[in-house]
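> Starting from these lines, generate the structure:
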Amino acid sequence: MTNESVAQPLEQTKKIAEKTVYSILFTISLSHLLNDMLQSLIPSIYPLVKTKFHLTFSDIGLITLTYQLSASLLQPFVGMYTDKKPKAYSLSVGMGFTLSGLICLAFASSFYWLLLAVSLVGIGSSIFHPESSRVAHLASGGKRGLAQSIFQLGGNAGSALGPLLAALIIVPFGQGGIMWFSLAALLAIIILIYIGKWYKKTTVSKAKVVKAHVVSHHNLSSKRVTVSLIVLLILIFSKFFYLASMTGYYTFFLIDKFHMSVQSSQIYLFIFLAAVAAGTMAGGPLGDKFGRKYIIWISILGAAPFTMLLPYTDLFWTTILSVIIGMIISSAFSAILVYAQELMPGKVGMIAGLFFGFAFGMGGLGSAILGKLADSTSINYVFQVCAYLPLIGILTAFLPNLETKKKQTAELK
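Numbering: from 1, shown residues only. Next up is the predicted model:
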């Protein structure tokens, strides 16, 4: 066989690999919407279960911690395993765990049944995120920031829809209304089986070509890579610790400060989460165009002035500020995730699992700590303290500019 005959099919496969598969990106984004919509039901029903089971804020924090730990601890291991042995239908299996958790949540009769239910939903999430992020990476055609933003847009849109649907379905019909959402889980399983078929066809040939031709190397020392990953994880901590205050306690903050009903507070939470969804699309493409480090700067440190104003304003300005904060801070994750994947080429699943897992873990830890703080002080005080978290974004100064490193590497070659 001649070199020319070998090179021809490789070149054809390379062209396929470098083509952005938008149909798959939007389909995996839809499945992310359904997955995160179902997950967001957990914080959305907090006011309901707090009253029904006579829970404290510390109990609410423990529910979130249980969910987030089950959703986070497995993710890096799932990612590491599937980096070596991709499993095409693991996504639909993960959604099966989520479906089981929803059924348990609908019929939970005690606090401990609630913990079991949310842990099952968390396990489903821990399987879903690393593998679905890999699907987005494979379908990106090299536009990794754009692909992650499309993928994240689905998740954030789902997170925004959860509280709204909870207000429309669960609040009027009670805990049993959660069963209606099992239909969404079944739909997601069907979609993920379709994704699995595409994944199975493309994983072997496409992954090899993407690894060989699309991934760029930066020539950073292993020590510099480690320090950069630590900085990124600290930035994830600041972002998701703050988001824990909003997703877990924003409704209680509004009820306490402005004396609104549970149903009305869910609408305001939906507005915040919708802003998060809208802001998500900007981070990835802007990172592709201008450099991810600059987007990370703006999206974390840039939120600080607005978070510091939020606890001291009236309802109108609280709503406006929540929208601004949601849009700014949401642009960070896609940029951080792709930046980390570029730091460690060929470790797509492991990095996705590590960062999704750490994000969920910090969200759970934050919710537990903030619940204790709320019990011992007040909800308003929690928001006053959390307002300073985005200032941690100043650590972005310690990150290398990978775009510059790539140019230097290309010039040396």
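> tell me the contacts of the residue nearest the centre of the chain?
The structure's the chain has its C-alpha centroid closest to Phe356; by C-alpha atoms, centre = their mean the separation is 6.1 Å. Contacts of Phe356 were listed using C-beta atoms under 8 Å, 6 or more residues apart in numbering, and they are 72, 75, 129-130, 133. All C-beta atoms are positioned from the backbone trio N, CA, C, and that covers glycine.
> could those residues be laid out in CSV, adding pLDDT?
Formatted as CSV, the contacts of Phe356 follow (pLDDT from 0 to 100):
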residue, pLDDT
Ser72, 78
Gln75, 83
His129, 85
Pro130, 85
Ser133, 83
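> Can you tell me which of these comes closest to Met246?
Ser72 (18.6 Å; C-beta to C-beta).
> what about that closest one, how many neighbours?
For Ser72, the count of nearby residues is 25 (other C-beta atoms under 10 Å).
> Ok, Tyr89 next?
Using other C-beta under 10 Å: Tyr89 sits among 15 other residues.
> correct me, but it touches Tyr194?
No - contact criterion C-beta atoms under 8 Å: Tyr89 and Tyr194 do not qualify, at 10.7 Å.
> and Gly142, what are its phi and psi?
phi 90, psi -20 (degrees, to the nearest 10).
> how much space between it and Thr56?
50 Å (C-beta to C-beta, to the nearest Å).
> Same check on Phe128?
31 Å.
> what about those two, which has more around it?
The neighbour count for Phe128 versus Thr56, taken as other C-beta under 10 Å, is higher for Phe128 (30 against 13).
> give the contact list for Ala167.
Going by C-beta under 8 Å, 6+ apart, the list of residues near Ala167 reads 44, 263, 266-267, 270.
> Phi and psi next, for Ile45.
The phi/psi pair for Ile45 (degrees, to the nearest 10) is phi -100, psi 10.
> that older thread, from the contacts of Ala167, which is closest to Ile234?
Ser44 (29.0 Å).
> residues near the closest one, how many?
Neighbour count of Ser44, defined by other C-beta under 10 Å: 26.
> same check, this time on the one 5 residues further on
Taking other C-beta under 10 Å as the criterion, the count of residues near Val49 is 19.
> Please save the CA atoms from whichever strand or helix holds it in PDB.
According to DSSP states H and E, Val49 maps onto helix 46-52. Listed next in PDB are the C-alpha coordinates belonging to helix 46-52 (Å, rounded to 0.1, in the frame of the first residue of the first chain):
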ATOM      1  CA  TYR A  46     -36.700  23.500  49.100                       C
ATOM      2  CA  PRO A  47     -39.400  25.900  50.400                       C
ATOM      3  CA  LEU A  48     -42.000  23.100  50.000                       C
ATOM      4  CA  VAL A  49     -40.100  20.300  51.800                       C
ATOM      5  CA  LYS A  50     -38.800  22.700  54.400                       C
ATOM      6  CA  THR A  51     -42.400  23.300  55.500                       C
ATOM      7  CA  LYS A  52     -43.600  19.700  55.000                       C
END
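> packing partners for the helix or strand just after it?
Next helix or strand after helix 46-52 toward the C-terminus (DSSP H and E): helix 57-72. Counting by 3 or more C-beta pairs under 8 Å, 6 or more residues apart in numbering; DSSP states H and E, the packing neighbours recorded for helix 57-72 are helix 22-44, helix 46-52, helix 111-138, helix 222-258, helix 348-376.
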